[in-house]
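S.K.: no letters, just coordinates:
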């Protein structure tokens, strides 16, 4: 009888603690993705040879366009945001003045970017690819610099 | 005792799964009528014909040897899930884009098409 009462007490205490902690502990994770995969076909683009038309038929419309000192820049971009937040707090400001509230959060935005620079006669002159979205979230977040 | 544990499990599951699910959608611009793309011809179609087909561009960019008209439409889909201790959010944005390149005489030289807005999807962030 005694052990049955103990088990019931533990279980009820556990349920109560869940109910109480729900006001004090929370974890949130949010991910936002803007744009599509940026992936130039392997070896398909050659500097000095590939034309604007070939790039457009392979990659579609660019996300940004600009003129840079007589050359045309096409930018394809994908952004990935990840945000996680852990909050610990005891919301008792109306009962006692000292209020415990601790929170930690980390927001990381990573970009995949493909820069393509064309001459005025629309031949590929320079190409740069930066692929950061595959980097691990926590390792990148806590890395110094 | 067995029935008590069953009751406890039901209560625990109910408590943990109590929450809220939110689905949201954000649309900018109207879908493009892409049937007009078949009538485009590099070297012949002019900028004014393009604007007759697709309306006013979202953005006009001056390039080294002419201009480019950009038409952009975006579709975002958001999902939120709130449980007692955990909450998750996911926001996916994709675009439909048409970019037309014109020479200095406003004649079409190239165009690029990306129709990805329908790829935007609901879901959890993992």
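M.R.: Structure received. Nothing here was measured: the structure is a model prediction, and the numbers come from that model. Numbers count the residues shown, from 1 in each chain, chains lettered A, B, ... in the order given.
S.K.: which ones are touching residue B:72?
M.R.: Shown here is residue B:72, whose contacts under the criterion CB atoms under 8 Å, 6 or more residues apart in numbering or on different chains are B:29, B:58-59, B:95-97. Backbone N, C-alpha and C define where each C-beta goes, glycine included.
S.K.: buried ones only from the residues you listed, please, as a PyMOL command.
M.R.: Buried residues within the contacts of residue B:72, as defined by 16 or more other CB atoms under 10 Å in any protein chain shown, are selected in PyMOL through the command that follows:
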select buried, chain B and resi 95+96+97
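S.K.: tell me where chain A has helices.
M.R.: Residue ranges of the helices in chain A, as given by DSSP state H, are A:2-21, A:52-59, A:137-142.
S.K.: three-state assignment of residue B:6?
M.R.: helix (DSSP: H, G, I helix; E, B strand; the rest coil).
S.K.: again, but for residue B:12
M.R.: Reducing the assignment to helix, strand or coil with three-state DSSP, the entry for residue B:12 is helix.
S.K.: for it, which non-adjacent residue is spatially closest?
M.R.: residue A:15 (6.5 Å; CB to CB, 6 or more residues apart in numbering or on different chains).
S.K.: got a pLDDT number for the one you found?
M.R.: Per-residue confidence (pLDDT) for residue A:15: 73.
S.K.: what is the burial count for it?
M.R.: 14 (other CB atoms under 10 Å in any protein chain shown).
S.K.: and the pLDDT for residue A:18?
M.R.: 67.
S.K.: quick one: buried residues of stretch A:52-64?
M.R.: Applying a neighbour-count criterion of 16+ other CB under 10 Å, the buried positions in stretch A:52-64 are A:52, A:54-56, A:59-63.
S.K.: what's the answer for stretch A:26-45, then?
M.R.: Burial within stretch A:26-45, assessed by neighbour count using 16+ other CB under 10 Å, is assigned to A:26, A:28-36, A:38, A:45.
S.K.: what's the most buried one of the helices of chain A?
M.R.: Burial among the helices of chain A, expressed as mean neighbours by mean count of other CB atoms under 10 Å in any protein chain shown, is greatest for helix A:52-59, which shows a mean of 18.
S.K.: report the contact partners of the residue lying closest to residue A:121 once chain neighbours are set aside.
M.R.: For residue A:121, ignoring the flanking residues on the chain, the nearest one in space by CB to CB, 6+ apart is residue B:65 at 7.2 Å. Contacts here follow CB under 8 Å, 6+ apart; on that basis residue B:65 touches A:72, A:120-122, B:103-104.
S.K.: same question for residue B:27.
M.R.: B:73-76 are the contacts of residue B:27 under CB under 8 Å, 6+ apart.
S.K.: ok, and the most crowded of the residues you listed?
M.R.: residue B:75 (21 neighbours).
S.K.: and the nearest residue to it once chain neighbours are set aside, its phi and psi?
M.R.: Closest residue in space to residue B:75, ignoring its immediate chain neighbours: residue B:117 at 4.0 Å, by CB to CB, 6+ apart. With angles defined as degrees, to the nearest 10, residue B:117 sits at phi -60, psi -30.
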